[in-house]
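1. What shape does this take:
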Amino acid sequence: GHKAGLQSISDFQNNEKNIKDKNNANLDQMEEAGKHAETIYRDKSGKRIDMLNQYMETQANNKLSKKQKENDEVECGRGKIQKEIELKMKEQLQEIKSAPFARTVDELDMELKQVIRPEDPMAKYMKVKIEKKVKTSSKLLYKGPPPKPNRFGIMPGYRWDGVDRGNSWEEKLTNFTAERKSKDQVSRQWAVMDL
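-> Numbers count the residues shown, from 1 in each chain. So this is what the prediction gives:
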């Protein structure tokens, strides 16, 4: 910059001319360096974007999207049953992976016995037998008069005798919520009636 203090006009002009010459030389150097330089692209946050890498990424994304489209087209040509069979196969593979390495002959025999084939003459009998097992193994249920509703929808136990021994809190609560719903419905109807 300029010298501080009292100066003559000629000293000031010489000093100013030197400063301008330096600045012009610097600008010329920068222009020469910038003429052959590549353009720098930046994103919204100000980070540099490498155009070659971005081009490669877009190409890779295009390839992935093409592969996805091809997979979708292949899946469109398949039915529900084929997809279900494939899912079952995957589940079986997962089960096999988690199973112990050595399986006994009895385990394999039981697996084969559990499969019911339509051409098997004993298939109907086996279905009935399996249904009976399911019915007997299920929980015992209450079979008396219908109980009062509760907020959780829990059915009473099979030994309940039908007598409500509570303080009728659930009944009061269900009545209150029902009244509130009916009042809301009536108020909505009144609000819409003018329209």
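
2. I'd like the average pLDDT over the helix or strand harbouring Glu31.
-> Element membership for Glu31 (DSSP states H and E) is helix 9-35. Mean pLDDT, helix 9-35: 88.

3. Just list the residues touching Glu70, thanks.
-> By C-beta atoms under 8 Å, 6 or more residues apart in numbering, no residues touch Glu70. (Each C-beta comes from the backbone N, C-alpha and C, glycine too.)

4. and the gap between it and Ala123?
-> 41 Å (C-beta to C-beta, to the nearest Å).

5. burial count for the residue nearest to Tyr158 when sequence neighbours are not counted?
-> The shortest distance from Tyr158 to any non-neighbouring residue, by C-beta to C-beta, 6 or more residues apart in numbering, is to Leu140 (4.0 Å). Leu140: 8 surrounding residues under other C-beta atoms under 10 Å.

6. Just say helix, strand or coil for Leu140.
-> coil (DSSP: H, G, I helix; E, B strand; the rest coil).

7. Kindly report the same for Gln7.
-> Secondary structure for Gln7, judged by three-state DSSP, is coil.

8. if I look at it, how far off is Ile19?
-> Distance from Gln7 to Ile19, by C-beta to C-beta: 13 Å.

9. Tell me where the chain has strands.
-> Counting by DSSP state E, the segments of the chain that form strands are 41-42, 48-49.

10. now for these, which one comes closest to Leu93?
-> Closest of the strands of the chain to Leu93 is strand 48-49, at 43.8 Å (criterion: C-beta to C-beta).

11. where are the low-confidence patches of this protein?
-> Under the criterion pLDDT under 70, the flagged ranges of the chain are 1, 73-77, 134-138, 195.

12. Fine, thanks again, bye for now.
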